[in-house]
Structure formats: C-alpha cells, structure tokens
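# Based on what follows, work out the 3D shape:
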Amino acid sequence: MTKIKANSGGATLWARSTIESDIFYNKPAAWFKIFFYIVQKVNYYNGKQLKRGEGYFCFTREKEGLKWVKETQWHKCIKWLKLAKMITTHKTTRGNIIFVLNYDKYQTINTYKGEAQGEAQIQAQSKHSPSTVHTITDKDYKDEKKDNIPAERRETIPGQEFNQNAYLVLMHNDSKMSINIIANFIEAKDVIFPTKKAVTDFIGRNIRVATQLTEFSEDQVEAAFNKVMNDKFLSTIDWGLETILKQITKL
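Numbering: from 1, shown residues only. From the prediction side, this is the model:
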C-alpha cells in the first residue's frame, strides 16, 4: 500500500455536523473523499508562497493519494465545491491553487469551545445541527435573476446575469446520460456562454452525437475524453463529440 506523505505540521479538525453536511450526506461518496483529501493537504501554516488553507493541486499528481477516484469525479467535485462556497481556485503553471474557505475558522480549536454545553439548546432549536458548509438549494441555481455566488468567484462573463457554473450543475444532475456528456464536453472545451439560450442551442446541436455516445459505458466515454485531451495533436484542433465517438471505436 502506498503511503501518502503528510504535511509536516499541525492537525485537522472536523465538526460533528460534518456527517449531516450536503457533501457527506447527499453527494457521491468520492466527493467527500476528495474534499477530505484537500483539507488534509493544504497548508496548516502560512508559507512563503502559500498561505494557511492553500495548496497546489493537479489530478495527475493527486491520483496516487485518491485511489478509486476518477478524473471526472475530481473535476465535478471541484466545480461543486466552488459553487457551494467551500473553496476557491486559481490556475498556475504548477496546477491549481485551492484555498479552503473558512479553513482558519474550522481548524481553530477555540471555534468548538462551549459546543458541548450548548448542544442541548441547539437540538431544541433544530432537529439537525446546521452544516458547517453552505448547502446548495434549487434557488441557488434556478433563480437566474439573482446571482447567489459572489462576483469574484463566478465563472461567467462579467456583467451577465446568467450563471453558467450553476447551470452545469443542473446538467450533471440530469437523469439523461446524453446531457451529462454534453456538460463534460463544455467543461473540457472551456466553452463560455453569455445566456441560457446559448447553452440550450449548443445542446441541440450536440444531442444527436451525445445520444450515440450513451450506447457506451461511462468508463469508455471518460477514457475517450482523456485520450483526446491528452493527445498533443487532437487537443490543439477544434475537436467535438464526433471526435470522442471515433476515439471510442479505437480503444
């Protein structure tokens, strides 16, 4: 078994209410594993290049410590964590710098002092203890007239009300695999849409090929995406879902 080198100092704290949080209770098991891994790996102390709660991450380097986690699961989880206001990311040549929001608060023991004494009062006020993280509700991504995500963390065109990142969450949660595939395609190509109509038009243009791809397993589709994205030639051309379909037949 491969041992993962731990950070040189400090420890991590987890609130009891973590087991009632959205990511632990409602999301795929791999997502909490990813979040737990990130919290464990970020800086416990302020450093010369990274501050407390920050760390460099790149899935190709992290997969050794995230056994059984697929690359698509990693990227979907990261996008959700950003939407849920749990992390922020910043691209660098070494990979993404991930900053765990509220890391200092929840990794400070004083935050939890007095909780035992006040537990009875909290339970009287609510059946469940409040989550230590923000829970995404339908209003977060269905109300297009009100953007619930801070402007500095939106992945949409400045000045536009349409929240593309939130709409992608809906697409990933759709029961149709064809819609999930198109969502992965949008993320892989880093396509930016100014309006909801622009996305629905894009879906309409790609739904036929996406439906053809549903005849294959998720692992086959994922492998084809990775093949195209990691190919020095294919990644430089204007590839589409037709390219993915052709790659599957070659695998």
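# Which helix or strand in the chain has the lowest average pLDDT?
None of the helices or strands of the chain scores lower by mean pLDDT, DSSP states H and E than helix 138-142, at a mean of 45.
# next SSE after it?
Moving toward the C-terminus from helix 138-142, the next helix or strand (DSSP states H and E) is helix 164-173.
# Strands of the stretch 51-200 of the chain, start to end?
Taking DSSP state E, counting those that start in this stretch, the strands of the stretch 51-200 of the chain run over residues 54-57, 87-92, 95-100.
# Using CSV, write out every CA atom in the shortest one.
Yep, that's strand 54-57 we're talking about. The C-alpha trace of strand 54-57 is given here as CSV (Å, rounded to 0.1, in the frame of the first residue of the first chain):
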residue,chain,number,x,y,z
GLU,A,54,-3.9,26.9,0.4
GLY,A,55,-2.3,24.2,-1.6
TYR,A,56,-1.2,23.2,-5.1
PHE,A,57,-3.3,20.5,-6.7
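# Adjacent strands (with direction) for it?
For strand 54-57, the pairing partners within the sheet under DSSP bridges are strand 95-100 (antiparallel).
# Run the angle between the partner strand and strand 87-92 for me.
160 degrees (axes from the mean of the first three to the mean of the last three CA atoms, to 10 degrees).
# residues making contact with strand 95-100?
With CB atoms under 8 Å, 6 or more residues apart in numbering as the test, strand 95-100 has contacts from 38-39, 42, 50-51, 53-58, 61, 78, 86-91. (Glycine included, C-beta is placed from N, CA and C.)
# Please list all residues in contact with the closest residue to Gly95 other than its chain neighbours.
Of all residues not flanking Gly95 in the chain, Cys58 sits nearest, at 3.3 Å (CB to CB, 6 or more residues apart in numbering). Contact analysis of Cys58 by CB under 8 Å, 6+ apart lists 94-96.
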